[in-house]
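Peer 1: Next comes the sequence, and after it the predicted model I'd like to discuss.
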Amino acid sequence: MAQSFTEENYLKHIYKLSRKSDKGVSTNALAERLETKASSVTDMIKKLAAKKLVDYKKYQGVTLTNKGLKIAVDIIRKHRLWEVFLLEHLGFGGTEVHEVAEELEHINSPELVERLDKFLGYPKYDPHGGPIPDNKGVFPAPARVRLNELETGKKTKVMGIAEHSNAFLAHLKKLGLELGQEFLLKERFDFDHSVEIELNDKTIQLSHDVAKNIFVAY
C-alpha cells in the first residue's frame with residue numbers, strides 16, 4: 001500500500017530525530033519538528049503502526065520498523081539527489097533547493113531515481129553536506145569535520161553545513177563560503193573559540209557559532 005505525502009514526511013522526520021538518540025522519538029518532539037499538535041501526531045502514529053511502519057509504546061516513543069526505515073531512507077535519498085540536480089543543473093540557489101526538493105522527494109519512480117543518480121555521477125553529498133545513501137540504503141563514510149574541530153594551518157574546503165536557516169545561508173554567501181570553496185584555517189582563538197581563515201587572499205574571522213556549523217574536508 002502506497003504512503004501519502006504526510007505519512008512519508010512523518011517517517012523521514014522520525015528517522016532524523018532517531019539519529020540524535022538511542023531511544024524512541026517522543027510525540028512531543030515530532031509535534032515540535034512538524035509544527036503540529038501532539039494529538040495529531042498520535043493519530044498519525046497509530047495509522048503508521050497499523051501499516052507496520054513504526055512501533056509505538058507509550059512513554060517509550062516511536063521507532064521505525066525495517067519497512068518504515070527503508071521508506072524513510074529512500075525519501076532522504078531522493079530529496080538529496082534532487083537538491084544536487086536543482087543546484088548544479090537548474091540554477092536554483094542554496095536557499096531554494098530544499099523547499100523544491102521537499103515536493104520532488106515524493107515522486108514514486110525508482111527508475112527515475114536511478115537515472116538521476118547516474119546522470120549526476122553518483123554524488124556522495126547534497127549541497128548542504130548531507131550524505132546521500134546509495135540504492136541499497138547505505139550512507140557514505142564521513143570524510144568531514146566541523147570547522148571548529150579542524151587542525152590549524154590546514155587547507156580545506158566547505159563540505160556542508162549544519163544550520164540551514166536562510167539567514168545563515170545568506171551570511172555564508174556574503175562571506176564567500178559556499179559549497180566547495182577552498183580556504184586556509186589560520187588560527188583558533190581560545191578566548192571566544194572563534195577562528196581566523198584566509199579566503200581569496202583575505203583574512204576573515206568567524207565566530208564560534210559560525211565555525212561549528214560548517215563542515216569541512218579533513
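Peer 2: Structure's in. What do you need?
Peer 1: partners of Ile214 in the sheet?
Peer 2: Taking DSSP bridges as the rule, Ile214 bridges to Ile161.
Peer 1: Could you double-check that it lies in contact with Leu177?
Peer 2: Yes. If you go by C-beta atoms under 8 Å, Ile214 and Leu177 touch, sitting 6.9 Å apart. For every residue, glycine as well, the C-beta is placed using N, CA and C.
Peer 1: Show me the strands in this structure, by range?
Peer 2: 54-57, 61-64, 144-146, 155-161, 182-188, 195-199, 202-206, 214-217 (DSSP state E).
Peer 1: Of all those, which one comes closest to Ala31?
Peer 2: strand 61-64 (11.6 Å; C-beta to C-beta).
Peer 1: now could you export just the CA positions of the closest one as PDB?
Peer 2: Extracted C-alpha coordinates of strand 61-64, given in PDB (Å, rounded to 0.1, in the frame of the first residue of the first chain):
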ATOM      1  CA  GLY A  61       8.300   6.700  22.000                       C
ATOM      2  CA  VAL A  62       8.300   5.700  18.300                       C
ATOM      3  CA  THR A  63      10.800   3.600  16.400                       C
ATOM      4  CA  LEU A  64      10.800   2.700  12.700                       C
END
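Peer 1: Who are the packing partners of it?
Peer 2: If you count contacts as 3 or more C-beta pairs under 8 Å, 6 or more residues apart in numbering; DSSP states H and E, strand 61-64 packs onto helix 5-18, helix 27-34, strand 54-57.
Peer 1: List the buried residues for the lengthiest helix in the chain?
Peer 2: Assignment by DSSP state H gives helix 66-89 as the longest helix of the chain. By 16 or more other C-beta atoms under 10 Å, the buried positions in helix 66-89 come out as 68-69, 71-87.
Peer 1: list the contacts for Lys155?
Peer 2: 182-185 (C-beta atoms under 8 Å, 6 or more residues apart in numbering).
Peer 1: hmm, I was thinking of Tyr56
Peer 2: Contacts for Tyr56 (C-beta under 8 Å, 6+ apart) come out as 24, 45-46, 49, 62-63.
Peer 1: Now restrict those to buried residues only.
Peer 2: Buried subset of the contacts of Tyr56 (neighbour count, 16+ other C-beta under 10 Å): 24, 45, 62-63.
Peer 1: And the residues you listed, which is the shakiest by pLDDT?
Peer 2: Taken together, the buried ones among the contacts of Tyr56 show their lowest pLDDT at Gly24, with 90.
Peer 1: The longest helix of the chain - what's its average pLDDT?
Peer 2: Average pLDDT, helix 66-89: 95.
Peer 1: Please name every helix or strand in contact with it.
Peer 2: So helix 66-89, by 3+ C-beta pairs under 8 Å, 6+ apart, packs with helix 5-18, helix 97-104, helix 110-119.
Peer 1: how is this protein carved up into domains?
Peer 2: Listed domain ranges for the chain are 5-64, 144-217 (source: automatic domain parsing).
Peer 1: what's the first-to-last distance across the last one?
Peer 2: Yep, that's domain 144-217 we're talking about. 4 Å (C-alpha to C-alpha, to the nearest Å).
Peer 1: Find the residue at the geometric middle of this protein.
Peer 2: By C-alpha atoms, centre = their mean, the chain has its centre lying nearest to Gly130, at 4.3 Å.
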